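Enquirer: the following comprises the amino acid sequence and a computationally predicted model.
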2 protein chains.
Amino acid sequence: MSVAAVLSIGTELTRGELLNGNARWLGERLVDLGFTVVEHTTVPDDAERIRRTLLRLARDVSVIVCTGGLGPTSDDLTTAVVADALGVALARDAASLAKIEARYRSLGRPLLEMSKKQADFPQGARVLPNDAGTAPGFSVQIEKALAFFMPGVPREMEHIFEAHIAPLLVDPQQGLVVRRSHQIHIRTFGTYESAVADRIRDLDLGGARHRPGITIGYRVTFPEIEVKVLAEAADESAARALAEEVAAEVRQRLADIAFGGKGETYPQYVGQLLRAAQLKVATAESCTGGLVGKLLTDLAGSSEYVLGGVISYANSLKTHLLGVSEELLQQHGAVSEEVARAMAEGALRQTSADLAVGITGIAGPGGGSEHKPVGTVCFALAQRGAETLAFTERFPGTRDFVRTVSAYYALRLFAGVARSMLDVQKATRVQEA
Amino acid sequence: MSVAAVLSIGTELTRGELLNGNARWLGERLVDLGFTVVEHTTVPDDAERIRRTLLRLARDVSVIVCTGGLGPTSDDLTTAVVADALGVALARDAASLAKIEARYRSLGRPLLEMSKKQADFPQGARVLPNDAGTAPGFSVQIEKALAFFMPGVPREMEHIFEAHIAPLLVDPQQGLVVRRSHQIHIRTFGTYESAVADRIRDLDLGGARHRPGITIGYRVTFPEIEVKVLAEAADESAARALAEEVAAEVRQRLADIAFGGKGETYPQYVGQLLRAAQLKVATAESCTGGLVGKLLTDLAGSSEYVLGGVISYANSLKTHLLGVSEELLQQHGAVSEEVARAMAEGALRQTSADLAVGITGIAGPGGGSEHKPVGTVCFALAQRGAETLAFTERFPGTRDFVRTVSAYYALRLFAGVARSMLDVQKATRVQEA
């Protein structure tokens, strides 16, 4: 019953000029809504191929979600092809035309005759208004399938899907899908995908502690790894209960690296902790060259806890702006725990921050030596009124890998302090109560 | 004749857990090699769907390129399905098995029985060695199509394609494709896609100066826009000549924003200019929070021209580390050309750099006012022995948009100085000669 397919239309996609983010997004949303997605197909702006593919899918699945080919230009063929496949004429929708005219007026652009074609739909289609752009979508029944058509612009597509398609798909009256699954997302940072998988392998399919109906999946958004616990059961509430039970076990196994749920990023998590702990931070970055600062300030409102810092890429800036002594640099080398420590302490001295991190390493591909190979990165965490912590890591990988993982390590240092402060505050409150 | 399709196998793809970067990459490479790509299809790890799709495509196209499902686990079904579709048995390839054994030994991992299945191929298949990973690929003839199978790991897939498939596809003896096209990539930074398109619209399909056989395409890798001039002609050399002629016109129209060719990024271009001009740079970043430093130091060897800088996110760092006076901050506000100027001059004073940029703005979403709305960003360029330049821009968009475009503007300021220095040097050499 609830079997869906995603159809993407556009020569720029088949030619590989664009990543097909729409198909991924729709695949994920359809699965979220309870569908089994059995195919994604992409065809060029070619009427015969669009027609053949639509008719083939219409005999195979119950829901087709299609994007692309609804614009005003001559290579936008979708609407005409659908009308042709159904053997109906095109009809201009007055309400849609009025909205398109208003939109062009508000943008100060002339409405050409060809743009009016965006108000044409196959006779009998249900119009899906587009409040985020010009071309509306529509839906029609083709053989056994309910087929939805949307423009290919991701923002417009997502808007139309959420506003007009998702509610219909899950409407019990329509009977298109019966939700029998529930998925919980657990985001982690701190180790490799295979190491995460190893810790919970016995809970997954084939494992000794596997529960029927449970599938465990992974999604890597480097360097973060998301664990997905999917439960399928007799009904949605049973699925939810099962998912929550297994997710609790997964969270416990991954307690040291799990930080959040669906859509949360590690920098967001760290920012929330710093805000909650009322800590202000500064950075002294060498090999990461500003990446830690960039990640911290990606978030709106980060000025509450980020003061800034120094990018001491050259040794002269380590000396001049952070007060790292030339003797120290000569004695231990720029990539050393001693210099990382002096950098972090310099950043603390130069600012009113509570915490400062120092990072110096060899991101590569050049610059490595036998004792300090590419990927060697020294970290220090200076904290007002406490001992400075310093340590060295060796990250195997490309320049980008070494820099990104290093920057996340720096964030983790901040997170660690903030979390223990919050834990102490909580314990104190509990004691006081 | 030279019609190809891309088939991706994997439930993680149909479920939308992963972006299908392989399909994009293969689409682009096949088009580069001269193929028309008429379909990308993705199916889950489901033997019947894989089989049906393969047989359908084999009746439709001359080349099928397939990825995924070649690993050691129980959901890797591709090889068995192909053998079944061809009605042949699986045969273990001794050479492949020996390589797999050696690989596991070198990684110190035990070779389980299930891993040996990666050395099994449909009888009669040609093995495509995998020097980047464990599972080799293979090719077989299915009905009218030559079908290639590769693992889904992008690095391994790309390696096998380049080493074993591309050479075969373009081998004139095979007669699989006759190249009649040539494409030239022109990368730009500085304006919107529609503004780029407007300047060259008359050269594209339907335009007054359109040349038969020319198609102009765009690819946005925000904030860079790549213009692609595709020429199709009687043979490859005619196509190349036509593409070069039109590309020359395009480059002239876009002279102020074009900076490079295929695969070059704007930060790379700026880095090359700075290296060639032997300029050293420093940064004073507020709203970009380290992003300029990050972009500059993404490149290996950037220590030749990047000294570093100050992330003066808080006003206290502007004052303390860059010498911006508190009076100036109070009088003009942190987001002002005066403060940007003082930041850039401070960075120049604090370092031995030849050039320094100052950036202060309101990235949003909060913090805007009537006079200084979100997106207001002030820039300054300080240059040793020259007047400091300062100006203000208003960027409409999200926080990420404002920050990214601002960082690129800073890079462009550096590029402008480097380019004019190099121009002067060139002119001097010409005069001297």
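Expert: Perfect, thanks for sending it.

Enquirer: looks like A:V81 contacts A:T53 (just checking).
Expert: No - the pair A:V81 / A:T53 is not scored as a contact, 9.8 Å apart, by Cβ atoms under 8 Å. Glycine gets a C-beta too; all of them are placed from N, C-alpha and C.

Enquirer: give me the distance between the two termini of stretch A:39-50.
Expert: Between the opening and closing residues of stretch A:39-50 there is a gap of 15 Å (Cα to Cα, to the nearest Å).

Enquirer: does it reach chain B?
Expert: Yes - using Cβ under 8 Å from any Cβ of the partner chain, a contact is recorded between stretch A:39-50 and chain B, made by A:E39, A:H40, A:T41, A:T42, A:V43, A:P44, A:D46, A:R49.

Enquirer: so which strand or helix has the last one?
Expert: What it means is A:R49. In this assignment (DSSP states H and E), A:R49 forms part of helix A:47-58.

Enquirer: list the buried ones in that helix?
Expert: Buried positions in helix A:47-58, judged by neighbour count with 16 or more other Cβ atoms under 10 Å in any protein chain shown: A:R49, A:I50, A:R51, A:R52, A:T53, A:L54, A:R56, A:L57, A:A58.

Enquirer: which of those sits closest to chain B?
Expert: Within the buried residues of helix A:47-58, the smallest distance to chain B is 6.2 Å, found for A:R49 (Cβ to the nearest Cβ).

Enquirer: give the contact list for the residue lying closest to that closest one once chain neighbours are set aside.
Expert: The spatially closest residue to A:R49, leaving aside those adjacent along the chain, is A:V43, at 4.4 Å (Cβ to Cβ, 6 or more residues apart in numbering or on different chains). With contacts defined as Cβ atoms under 8 Å, 6 or more residues apart in numbering or on different chains, the neighbours of A:V43 are A:L7, A:S8, A:I9, A:T14, A:R49, A:I50, A:T53, B:V38, B:E39.

Enquirer: could the residues you listed go into TSV alongside pLDDT and distance to A:A102?
Expert: Shown next, in TSV, are those (pLDDT from 0 to 100; distance: Cβ to Cβ, whole Å):
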residue	pLDDT	distance to A:A102
A:L7	98	30
A:S8	98	29
A:I9	97	27
A:T14	96	34
A:R49	97	35
A:I50	97	30
A:T53	98	34
B:V38	97	39
B:E39	98	38
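
Enquirer: ok, the residues you listed vs A:G368, which is closest?
Expert: Compare each of these with A:G368 using Cβ to Cβ and the shortest gap goes to A:T14, at 42.7 Å.

Enquirer: my guess is that closest one contacts A:R49. True?
Expert: No - at 9.3 Å, A:T14 and A:R49 do not qualify as touching, with contact defined as Cβ under 8 Å.

Enquirer: mind giving me the domain split of chain A?
Expert: Per automatic domain parsing, the domain ranges recorded for chain A read A:3-170, A:181-260, A:266-428.

Enquirer: one step back: which residues do A:T14 and A:R49 both contact?
Expert: Contact criterion Cβ under 8 Å, 6+ apart; residues bridging A:T14 and A:R49 by contacting each: A:V43, B:V38, B:E39.

Enquirer: hang on, the earlier thing: among the residues of stretch A:39-50 next to chain B, which are in helices?
Expert: Cross-referencing these against helices under DSSP state H gives A:R49.

Enquirer: neighbour-wise, which of the residues of stretch A:39-50 next to chain B leads?
Expert: Neighbour counts for the residues of stretch A:39-50 next to chain B peak at A:T42, which has 29 neighbours (criterion: other Cβ atoms under 10 Å in any protein chain shown).
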